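K.L.:
build me a structure from this.
(one chain, ligands or ions: 1)
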Amino acid sequence: MPPPKQRKIALMGFRSVGKSSLTIQFVDGQFVDSYDPTIENTFSKDVKSKGQLYECKVVDTAGQDEYSIIPQSYVMDIHGYILVYAITSNKSFEVVKVIHDKLLDMTGKVNLPVVLVGNKTDLHLERRVSTDDGKKLADSWKAMFLETSAKENESVTDMFECILQEIEKSEGNVPEKSGCVIS
Ligand SMILES: Nc1nc2c(ncn2[C@@H]2O[C@H](COP(=O)(O)OP(=O)(O)OP(=O)(O)O)[C@@H](O)[C@H]2O)c(=O)[nH]1
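P.N.:
Reported below is the predicted structural model:
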C-alpha cells in the first residue's frame, strides 16, 4: 500500500444542522440526541479508500451565520470542506451559500474540494429544501451532493469518502470527469 496521506477536512454550516452529529457518527458510530453548541473540535480517524490509507483530521466547526467571520486557519490549513445544511431549514440552505462564497473569496480559488450535504433526511415530514434544489446548488459549484441522516447513519461514511475523492481530484490524481462513485 502507498504511504498514508494526511487530510484535514472541515465541516461548516449554520447552527444546529448536525455537524457534530455527523462527525460523531463517523468517528464513534453513535448518535447523540442532545444539542450542545460546538466551539471547535478536531477528531482523528484513519480511513481506507480505494487502496489508500488516509489519516484524517476532522474539524467540527462552530455554527456560522451569514455574518460570521471565517477564521483564516480554515483557509490555510484545510484540504476539503463538507458544507452542511439541514433539509428542514431554508435559512441553513441560504447560509451555506454565503459560506461557500466567502471561502472562494478568501482562498482566491474558483473551485474548492467541497461536498454539499443536506442532513436530517429522517425528518422528511418537515422537509423545506428539495433534493433538486440541493443538487442544483452543488452543480453550480461543481461540487458533489449528498443527503444524509446522522440519526439513522445514512450516507455518513459516503460523505467522507466523497470529500477524500474530491481532494484527490483537486490535486490532479483522479480524472476530472469521474465523479464521486461510492463503492
Ligand atoms: N432527526 C435528526 N436530528 C439530528 C440529525 N443530526 C443532528 N440532529 C439533531 O440536531 C441538533 C443539532 O445537532 P448538532 O450535531 O449539535 O448540530 P451542529 O451543526 O453541530 O450545531 P452547532 O454546534 O451549533 O453548530 C441535535 O439535537 C441533534 O440531535 C439528524 O440527522 N436527524
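K.L.:
show me the contacts for the spatially most central residue of the chain.
P.N.:
Centre of the chain computed as the mean C-alpha position; nearest residue by Cα atoms, centre = their mean is Ile82, 1.5 Å away. Ile82 makes contacts with 9-12, 22, 114-115, 117, 159-160, 163, as judged by Cβ atoms under 8 Å, 6 or more residues apart in numbering. C-beta here means a position set from N, CA and C on the backbone, and glycine is covered the same way.
K.L.:
go again using 7 Å as the cut-off
P.N.:
Under the criterion of Cβ atoms under 7 Å, 6 or more residues apart in numbering, the contact list for Ile82 reads 9, 11, 115, 117, 159, 163.
K.L.:
now the fourth one. Nearest residue, chain neighbours left out?
P.N.:
The reference is to Val117. In space, and not counting its chain neighbours, Val117 is closest to Val84: 4.7 Å by Cβ to Cβ, 6 or more residues apart in numbering.
K.L.:
looking at this, the one you found is in a strand?
P.N.:
Yes: counting by DSSP: H, G, I helix; E, B strand; the rest coil, Val84 is found in a strand.
K.L.:
so how many other residues sit close to it?
P.N.:
The criterion is other Cβ atoms under 10 Å. On that basis, Val84 has 30 neighbouring residues.
K.L.:
quick one, grab the pLDDT at it.
P.N.:
The per-residue pLDDT reported for Val84 equals 98.
K.L.:
that one contacts Gly13, correct?
P.N.:
Yes: using Cβ atoms under 7 Å, Val84 is in contact with Gly13, at 3.8 Å.
K.L.:
now do the shared contacts for those two.
P.N.:
Among the neighbours of Val84, those also in contact with Gly13 (Cβ under 7 Å, 6+ apart) are Lys19.
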